[in-house]
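1. no letters, just coordinates:
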């Protein structure tokens, strides 16, 4: 009988424990979280703030989940150090726990820019239920809110606050929204949608100072010198992986904790999954962090199975995301923006302005390496499959952007035994 | 467990299955009434034409469902006994992660209702309505079978 410890109680951690339990019913499994909640869906907190989802519906496993799985859940416990030499972890409260195999699924934390006043009351990250509860406290007294950053977190927060009838101003350093997942054309469609619904977006500006007295937030100051009055700020300037606990150990770290093909760290009985893991990226051809719920679940499951004795190889992740704002659905897969001078890529585009549909496909050699679908996201999973399997698509190139493109067009290419069509 | 199979040689692409499916999933269960419903019922099945043949495409209820892995709201679960992906629509927020992940393109977004549509094998009925709706017998409803090619 082994003792498995999982640090992290979200997508990767839960998937890890479920995978362990599928193979091993007897070993002891301990899940540790520095939060005070049963597993909930982080990506849904914007719906919770918008009052579209109740707190109960954020929980994505039943109340008796841990008991049913015979798992010990330790909440409000922060792991400060991993000691691979002694196979133990050390917590903030000085307690220590030993393990036979460890899964690090600690996720990430919002980055806060180092500007004057950023620590004032009323400035929040947007990642936890706790964040939402604190923001909720300010909603009744807030007329204007500023969002720092035009990434997914910032825009989801903007959407939620707008739904709560707050004036929202999104301040973005670059010239487009969602610069980490969309090209300029697709971003423009999102921008229009947000603006149509009354969200103000300020481009090419950064917040240089948070103004207020005695900790109380009053306004933000921009590069231009302009001052915008607000009583609530949400910071969406990216996240940094929570890897403090492996500092000064032999565990190899780059941007995140580096995972090998079995999702082990450089220490064989320590595994890593989710937003803290730097894994092989199929389209980039190198290690990268792809912080997304489905990827975290996939990695957690695989790491859990391997902890319980399997030797399954992780084929790698593809950066991707799916979002919707006010009826405009968008999917971004793999490489979404290329340098126009780089002749190794080829772009195919479809821009149907009348119907608000924009599609773009990026090829390298004869393989699909990326795509953007805005307005029409049907069959995006089929494209993802072509990307993952690095399929030669030269024979169907002219069909790729057709409206009736679908799975039947790729049956012969993916070389999987087809069971349903006889 | 019974599964839907398709005899591609027999499929004419008439889309009778699509219409029957949309009606079966409407409120009124009637063609002419259902097209006047506030939220138009969408078919869970789509017939695609490729390389001279017609292929009905719908959820296969994969044993290793990518959509369940991708689901961030917990509304999708895989029922091992029924061998089916179960969709609890009351918990679904329309994030479209399942649409992005389905390797068959069998889950389609209903943008108006913010809920994806997918085959539920007509769970309350004896057999999926598409089976009877198919005029050529191209849709086969039977226990898992070994392919003979």
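-> Structure received. What you are looking at is a predicted structure, and each value in this text was computed from that prediction instead of being measured.

2. ok, the most centrally placed residue in chain B to chain A distance?
-> Residue closest to the mean C-alpha point of chain B, counted by Cα atoms, centre = their mean, is residue B:119 at 2.3 Å. Distance from residue B:119 to chain A, counting by Cβ to the nearest Cβ, to the nearest Å: 12 Å. In short, each C-beta sits where N, CA and C put it, glycine included.

3. spatially nearest residue to the residue in the stretch 101-250 of chain A positioned nearest to chain B (excluding sequence neighbours)?
-> Residue nearest to chain B within the stretch 101-250 of chain A (Cβ to the nearest Cβ): residue A:156, separated by 10.4 Å. The spatial neighbour of residue A:156 that comes closest, neighbours along the chain excluded (Cβ to Cβ, 6 or more residues apart in numbering or on different chains), is residue A:46 at 3.8 Å.

4. ok, and what's touching the one helix or strand that neighbour maps to?
-> For residue A:46, the element it lies in under DSSP states H and E is helix A:45-49. If you take Cβ atoms under 8 Å, 6 or more residues apart in numbering or on different chains as the criterion, helix A:45-49 is touched by A:53-55, A:58, A:126-129, A:131-132, A:135-136, A:156-157, A:159-161, A:164, B:93.

5. surely residue A:187 is in a strand?
-> No - assigned with DSSP: H, G, I helix; E, B strand; the rest coil, residue A:187 falls outside any strand and is helix.

6. so the residue of chain B at minimum distance from chain A: helix, strand or coil?
-> Closest residue of chain B to chain A, Cβ to the nearest Cβ: residue B:74 (3.0 Å). Using three-state DSSP, the structure places residue B:74 in coil.

7. ok, it - contacts?
-> A:41, A:59, A:60, A:61, B:91.

8. give me the neighbour count for the second one.
-> Residues contacting residue A:59 under the criterion other Cβ atoms under 10 Å in any protein chain shown number 17.

9. which non-adjacent residue is nearest it?
-> Distances taken as Cβ to Cβ, 6+ apart put residue A:40 closest to residue A:59, at 5.1 Å, once the chain neighbours are dropped.

10. what's the local residue count around the one you found?
-> By the criterion of other Cβ under 10 Å, residue A:40 has 22 neighbours.

11. which bits of the stretch 1-150 of chain A sit near chain B?
-> Taking Cβ under 8 Å from any Cβ of the partner chain as the contact definition, the stretch 1-150 of chain A meets chain B at A:11, A:15, A:41, A:43, A:44, A:47, A:52, A:53, A:57, A:59, A:60, A:61.

12. please tell me I have it right and the first one contacts residue A:291.
-> Going back to what we said before, that points to residue A:11. No - in this structure, residue A:11 is not within contact of residue A:291 by Cβ atoms under 8 Å, at 10.0 Å.

13. common neighbours of those two, please.
-> residue A:274.

14. so is residue A:157 in a helix, a strand, or just coil?
-> helix.

15. list the contacts for it?
-> With Cβ under 8 Å, 6+ apart, residue A:157 has these contacts: A:46, A:49, A:126, A:147, A:234, A:236.

16. tabulate those (CSV), appending neighbour count.
-> Converted to CSV, those look like this (neighbours: other Cβ atoms under 10 Å in any protein chain shown):
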residue, neighbour count
A:46, 23
A:49, 24
A:126, 22
A:147, 31
A:234, 27
A:236, 24
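
17. as TSV, these with pLDDT would be great.
-> Output for the contacts of residue A:157, formatted as TSV (pLDDT from 0 to 100):
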residue	pLDDT
A:46	97
A:49	98
A:126	98
A:147	98
A:234	98
A:236	97
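
18. report the two of those residues separated the most.
-> Greatest spatial distance in the contacts of residue A:157: A:49 and A:236, 13.1 Å, computed using Cβ to Cβ.
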